[in-house]
Each structure stands twice: as structure tokens, then as C-alpha cells.
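K.L.:
I'd like to go over a predicted model; first the sequence, then the structure.
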Amino acid sequence: MAAAMASTSAWAVDPFTLKDIRVEGLQRTDAGTVFASLPFRIGDTYNDEKGATALRALFATGLFKDVRIEIDQGVVVVLVEERSVIATIDFVGLKEFDKDTLTKSLKDFGIGEGQPFDKALADRAEQELKRQYLSRSLYGAEVVTTVTPQERNRVNVTFTVAEGTAARIREIRVVGNKVFSESTLKGLFDLNDGGWLNWYTKADQYSRTKLNADLESLRAYYLNRGYLEFNVESTQVAISPDKQDITVTVNVKEGQRYTVTAVKLEGDYLGKDEDFKTLVTIRPGEPYRAEAVAETIKAFVDRFGSFGYAFAKIDSRPEIDRSNGRVVLTLVAEPQRRVYVRRISVAGNSRTRDEVIRREFRQFESSWYDGRKIKLSRDRVDRLGYFSEVNVETNEVPGTQDQVDLVITIKEKPTGNLLLGAGFSSADKLSLTVSIKQDNVFGSGNYLGIEVNTSKSSRTLVLSSVDPYFTIDGISRAFDLYYRTVRPLNSQGEEYEIITPGASLRFGVPFSEFDTVFFGAGVEQTEIRGTTAIPQNYYNYRRQFGAKSNSLPLTLGWTRDGRDSALVPTDGRYQRINLDWGVAGDTRYLRANGQFQQYFPLSKRFTLALNAEVGWGKGLLGKPYPVFKNFYGGGLGTVRGFDQGSLGPVDVIGAYIGGNRRINLNSELYLPVPGSGNDRTLRLFTYLDAGNVWGEDEKLTADSLRASAGLGLSWVSPVGPLKLSYGAPVRKKPTDRIQRLQFQIGTAF
């Protein structure tokens, strides 16, 4: 800080009464900004202390490079030299980062267009850019800042970057291990030193955060196998002189293996000790498992939470007998105090309405805290599918001992989906399915979708809408408007078609937190068109009942979804039953369809998925089962490796006419792509499918099943989950059509 002297010094002056205040040197800054920072006004008594305070306040604004105060016959003259203002910020040589991302990042350091330029801040910004490159393993990156003066005291700031190439992990070593091999332990890491798919996963780019996560995986591996005293003693990360190669060395001390001989409970368990003992998953006689200890502690905390004790503490105290390799585990409980929820707040929802989130909550305000209801509430909000993150925080209310506030913090994600499906057959035929869906229209929680299928054999236009909370009790309402044109496969190349316009209305009633029963009604008209190449059963049906058939079907269904994820499920079960009953019009029939899915997590990286689907239909009141309600098999969603709709009965003219019974059995084994580590967004899978379609006069036997096997690639793409599969039939008939290459986006099977 500096102050110059004119006719009278600003320092060491006798106090005097201010006659006037002048500001000189301003170019862009408003004079009011200067006057607002001064601790004196005209008519006040001026002294040295006020002058020093004024200088500090003006410098603190960050707007001025230099400030001086001069005294001229009772007048204070404030002389300022403004800082240059940043006119533009530019980057040269950027490849790794997006320009807009870096521009936004620099604003946090006070470097932005229209802001005062400060050399110190520019140096800090330069260091921040280098740090960003270090996070991408670009250790050789260099950043040079160039400041170019412009007219009117402005400057252009240019950051010139020489990124270089990313440093790669050339070797990862684990030292000190005796029980498990180095290759086994390195297989636990997401980082690797030579995966062929590293161009996609970037798993060979060093990151301290990733290394810490890998060390935790290593620690968990030992602790879950009885090595209670396992420790990572040190890690060394060495980089080559040319900053291109990195070597990571992990030094471990395994210790000895311990067996649990007993589990004791101490402390206050609210007189429910026997109840808590049933939650213990630690088994005496087995090796110590940290995972079982953590599960037990969590179960205890959750159980205390269900009784209103939100801050219960469970302390795990192992009593180690090193000479015999044994450990006695004591769980000490301190329930603290019982509380109730004062207020529930929602944060992070800029688009979704509060009520859409709040109506999923089972914990209410001004009620006792219930940990089970809070977890259920969080899971219900997460299952909406509108958010990428859902977290619930419990905050104590200051000044009280028995109240907490809950804050539901969500991170919204795009809820509009474009789903595509296609298949390419040996007959040089491409089928395409397109659907556009919006799961959270205008943040209301309602669903709106349109589906278009342009395949040669089946063309569909469907408009759907779902209101999940048509009533305050959670009863949903859905309606569909559709127009379907089906052209079943015909070996003679002649075309006939089945046209079905219709509409349906259905309601969903939740009978539990996981079960929903659906019921509804629809109206539709089916027209059979064609002349010479129409199958005999269609011809007979049209001759008996006319070309057009009107129907009023009633619908009854039930679903239960217990999967851990709808996008990449690895565990859980999905069940569905649907029943259509034609009660009025020209048709009388019953059509049932059931589906069962089960996912088995074989390990952290392997998942087995099973799917079974059964369809059955029958005519009622002496009328035949409508041929246009037949099931079809083959292709996506049924038995892969066969052309879409090509399984089942074949008419004498070569047309595939479907049947009133269908069975689909699918199995998939997911495994990691070699070199991708534990990345679940990109996986290989092998599959085995079996199934067929049968007519009313055909006998359902195991010998008549078709089967196929193949392999494929599953990728959670930006558009949606994509599956690319290539397979071949292992059981087929001469009349079957083969479609080896298929892909789909947006469905699990």
C-alpha cells in the first residue's frame, strides 16, 4: 500500500473538518463504489486513522492496482489506478478438456471475462490447469499464460497448453504377500498395467483416488478371510524421468488368520437382546469376516432406528488371542436417545415437483423416527428412475434433544429416452423399432411415450400415458391408443395383413410396497386383409366371423419388481402375470402371459440371469380362439438366432401363423470384457435360449423346442442399454428362418 503526498501529506496531518472529497483516475468503475468504501463524509473530522482505513478498504475491493490519498486545503483527493479488465479468455492446444469446462473452472479462481485482472490469480489459475492435467495422468503437460494489453485498459488472457501424452502404469507390484498370489491381488484392482481394453477404460492412467479405492478392495479381501491384522504398510508411486511411465508398489503385511470363537452382546439393547441376536451374521467357528461384522452393525443400527433411536452407536471390540489364532468379538450398544422427525426437506430438484418426491415417502413429519421407513422411502424415490443419486441426511435440530430434520438430496437426470432395436437377417431384411419416451413430463412424474415399429412383418404406432398417482392413495391410471399392422412371414412372398386399431384404459392398485395389481378394459377392431395368399385358418375365421371383428377385452395383472437395478441388474427378482379376457363383441377368449426373471451375483464381476415366459390362450363360449391373438416366437425377446416371428406352426402356403401357446426360456452369463477391470457398463455375455410356439392341435413336447446359443456385448450407452449378439440355432427345423446377428437397446431380455 502506498500513499503519495501533494501540497499536504495524507499522513501525519492534524485532524480537520472535511470540506469536499474528489476522486480522480476512474475509467470504468462507478464513483459510488469508491465513496461507499470511504469511512468518512463531507463535514466529518478527517484524521490519519481514517485515511489508512480508507486505503485498506479501497485495495480490498480488488478493483485498483494503486490508490493514493492527498490533502489539499481541507479537501481529500482520492487518486486511483484501476486494474485491467479481462476482455477475453482463450485456450490454445486443448485436446483433453472441453473449453467451456475449463472456463467455468477458472471463474472459481476469479479469472473470467469482465473481471479485474490480477497476476497472482492468473498464476494460481495456471497451477490449477496443471493440476487438472495431472488428474488425467498428463504429467508432462505445460501451461504458459500470455497477457495481451488492449485499448481502454483491457487485456486478453491466453493459456497455451502443450498436453503431451498421458503417463501409463507400466507395472503394479504387491510386495509382502504370502497367502495369496500377486496376480490374484492385482485382479482386485480397477487400475491395471496392461489391459488390452485400456484405450476405453483408461484403467492404466494413474489416479490417487482410484489407487485408494483399490487399496480398500485389497484390505477388504484380507479382512473377509480372517486376516484381522492385515495392513497396507506403504505405497510407492514412481514416475520415469520422461514422465511417461509409472510404477506402483504396494507393501503389505498379512498377519495371521483368526477364527471367531464367540460373539457377545454388551450395553443397552432395550431389553430385546434375543431379537438382536437373530441379526448377528458372524458365525463362531468361521474365519473372521469384516463384511459380516459390518453387516451386523448396520442391522443393529437399523433396528435401533426402527424404534426411533436415530443416533445409536455400536462398537465392535475384538479380543485377540494371537497364540491360538482366535478372536472373541464383543458388540457394545449405546442407543443414545429417541427422536422424532420435525421437518422433511427436498433439495436438488430444479425440475421435478416436490410432491412427486414427497408422495413416495413413508416417514412423515412430526412422527417418531423410523429407520426402516426412511430406507423404504429412499428406495421408492430411487425406483422412480428420475434421479441418478438419492441421499437422505439426518440433521439434529439445534437447541433440542429429541428432534431431527431429514433432507432428501437428489440429483436429476434426463428422463427422455430414445430406444432403438434392429435385426439383420440372411434374407437381407432390416427391421427397426423406435420409441420416444418421457418418464417425467414437466416434472409431474407422469409418463408419456410414443412407439413406432417399422419392421416388414409388424408395424406399430402406440401412444401411451401413465399417471402413477391418479388418486392420492397411489392408484395409477394408464391409457394406450394404438394402430398395429401385422404381416406374418410367408414363404411365397405374397402379403396379407392384420390391422388392429384400439384403445385401452387400466388402473394399478398397490397392495404392498412391492406388489401392484392392474385391471382395466379396452376396445379394439381387427381386420383381416388379403386374397390369394391368406393362410387357411385366417381364411376360415374370416369366412365364419367376417373380415372385421370387434372385441372388448378386460385386463387383470400383477407385478413385483425386486431387482437391485432396472438398468444393470445383478441381483433380485422380477415377476409378472397378465390376463386378457374377451367378454363382449365378436370374440370370446382368455389369454394369459406370465414372466419370471432371476439374477444371481456369482461374484463381483460375474452375473447369471435367467428368464422364463409362458403364454396360453383359449376360446370361450364355443367360439374358437381368435387367430389374430396368437403368440409368435423367434427373434428379440424370445429365442434369438431365429428370424422374428418364424417359430411355431406353418401353413401350407408357407405362412408363419403363430399359436395359442408359447414358452421362452433364456439364460445369460455376464462376464467382464478382458482388460476392463470391474467396469459394469461394458460386459460380454453368453446366452442359451429355448422355446417355441404351438397351435391348439399340436402336442407340447420337449422334442419340439427350438434352441440357440451365442455370445454378445452389453454396453450401457448414452442412448440406453445396448446388446449386440451373434448366435446360431442348436435345435432347428427346415422350416425355420435364421437370423444370426441382432441388437437391441433398452430391454433386459
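P.N.:
Cool, got the structure. Numbering: from 1, shown residues only.
K.L.:
quick one, helices of this structure?
P.N.:
Ranges of helices in the chain, per DSSP state H, are 31-37, 48-60, 99-107, 119-134, 182-186, 198-201, 208-223, 273-277, 290-306, 354-358, 371-383, 536-545.
K.L.:
What ranges in the stretch 101-250 of the chain fall below the confidence cut-off?
P.N.:
195-201 (pLDDT under 70).
K.L.:
Go again with 80.
P.N.:
Flagging of the stretch 101-250 of the chain using pLDDT under 80 yields the residue ranges 101, 105, 107-110, 114, 118-121, 134-137, 152, 165-166, 194-204, 207.
K.L.:
on that earlier part again, and residue 261, which of the helices of the chain is closest to it?
P.N.:
Among the helices of the chain, helix 290-306 comes nearest to residue 261, with 14.5 Å by C-beta to C-beta. No exception for glycine: its C-beta is placed from N, CA and C like everyone else's.
K.L.:
Which residues in the closest one does the neighbour count mark as buried?
P.N.:
290, 292, 293, 296, 297, 299, 300, 301, 303, 304, 305, 306 (16 or more other C-beta atoms under 10 Å).
K.L.:
looking at this structure, which helix or strand does the model trust least?
P.N.:
The weakest-scoring helix or strand in the chain, judged by mean pLDDT, DSSP states H and E, is strand 416-424 (a mean of 60).
K.L.:
so which of the buried residues of helix 290-306 would you say is closest to residue 707?
P.N.:
Distances from residue 707 to the buried residues of helix 290-306, taken by C-beta to C-beta, are shortest for residue 292, at 41.2 Å.
K.L.:
My read is that that closest one contacts residue 284, right?
P.N.:
No: contact criterion C-beta atoms under 8 Å: residue 292 and residue 284 do not qualify, at 11.5 Å.
K.L.:
Tabulate the helices of the chain (a markdown table), appending distance to residue 229.
P.N.:
Converted to a markdown table, the helices of the chain look like this (distance: least, C-beta to C-beta, whole Å):
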| stretch | distance to residue 229 |
| --- | --- |
| helix 31-37 | 62 |
| helix 48-60 | 55 |
| helix 99-107 | 43 |
| helix 119-134 | 35 |
| helix 182-186 | 17 |
| helix 198-201 | 34 |
| helix 208-223 | 9 |
| helix 273-277 | 27 |
| helix 290-306 | 12 |
| helix 354-358 | 45 |
| helix 371-383 | 33 |
| helix 536-545 | 75 |
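K.L.:
mind listing the strands for the stretch 351-500 of the chain?
P.N.:
Along the stretch 351-500 of the chain, counting by DSSP state E, counting those that start in this stretch, strands occupy 367-368, 387-396, 403-412, 416-424, 430-438, 447-454, 458-467, 476-486, 497-510.
K.L.:
how much does the longest one deviate in direction from strand 458-467?
P.N.:
Our comparison of strand 497-510 with strand 458-467, counting by axes from the mean of the first three to the mean of the last three C-alpha atoms, to 10 degrees, yields an angle of 20 degrees.
K.L.:
Bridge partners for residue 147, pull those for me.
P.N.:
The partner list for residue 147 in beta bridges (DSSP bridges) reads residue 157.
K.L.:
got a list of what it touches?
P.N.:
Applying C-beta atoms under 8 Å, 6 or more residues apart in numbering, we find residue 147 in contact with 117, 119, 122, 155, 156, 157, 158.
K.L.:
List buried residues within these.
P.N.:
Buried subset of those (neighbour count, 16+ other C-beta under 10 Å): 117, 122, 155, 156, 157.
K.L.:
Burial check on the closest residue to residue 304 other than its chain neighbours, number of neighbours?
P.N.:
Once flanking residues are discounted, residue 304 sits nearest to residue 312: 3.5 Å by C-beta to C-beta, 6 or more residues apart in numbering. Close neighbours of residue 312, defined as other C-beta atoms under 10 Å, add up to 24.
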